[in-house]
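Q: pasting the structure only:
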């Protein structure tokens with residue numbers, strides 16, 4: 001079974017979109033990690049949001065780091 005030109009184009013578009021989403025996620029992870037350096041300067045609500053972001057991204061939270 002051969003792929004048509006249209007099917008190949010659609011596959012290429014899906015791969016590019018996935019790569020772009022992966023790149024975006026990598027940038028977001030880097031930004032959240034950078035924000036961690038200033039976590040103690042955040043308000044309590046900001047710290048809670050930061051920890052929720054870490055949990056959603058499967059990064060260690062300050063609670064996990066402080067408990068070993």
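A: Sure, I can see it. Here the structure is a predicted model, which is why all the values come from computation and not from measurement.
Q: For the protein, just list every one of the helices.
A: Shown for the chain, the helices assigned by DSSP state H span residues 5-36, 44-56, 62-66.
Q: most packed of those helices?
A: Most buried of those, by mean neighbour count (mean count of other C-beta atoms under 10 Å): helix 44-56, with a mean of 14. (Each C-beta comes from the backbone N, C-alpha and C, glycine too.)
Q: Give me the contacts around it.
A: If you take C-beta atoms under 8 Å, 6 or more residues apart in numbering as the criterion, helix 44-56 is touched by 32, 35, 36, 39, 42, 59, 60, 61, 62, 63.
Q: And the average pLDDT for it is what?
A: Here helix 44-56 scores 96 as its mean pLDDT.
Q: Can you give me the pLDDT of residue 28?
A: Per the predicted model, pLDDT is 92 at residue 28.
Q: ditto for residue 6
A: You'll see residue 6 listed with a pLDDT of 86.
Q: With the one 5 residues further on instead?
A: Residue 11 carries a pLDDT value of 78.
Q: center of this protein - which residue?
A: What sits nearest the mean C-alpha location of the chain, by C-alpha atoms, centre = their mean, is residue 25, with 3.6 Å.
Q: That one and residue 59, how far apart?
A: 12 Å (C-beta to C-beta, to the nearest Å).
Q: repeat for residue 50
A: Taking C-beta to C-beta, one finds residue 50 at 10 Å from residue 59.
Q: Would you mind listing the residues touching both of the two?
A: With C-beta under 8 Å, 6+ apart as the test, residue 50 and residue 59 both reach residue 32.
Q: first to last residue in stretch 36-55, what's the distance?
A: Using C-alpha to C-alpha, to the nearest Å, the end-to-end distance of stretch 36-55 comes out at 13 Å.
Q: And that stretch, how far out from the chain middle?
A: Centroid displacement of stretch 36-55 relative to its chain, using C-alpha atoms, centre = their mean, to the nearest Å, is 15 Å.
Q: same deal with stretch 34-51?
A: Counting by C-alpha atoms, centre = their mean, stretch 34-51 comes out at 17 Å from the chain centroid.
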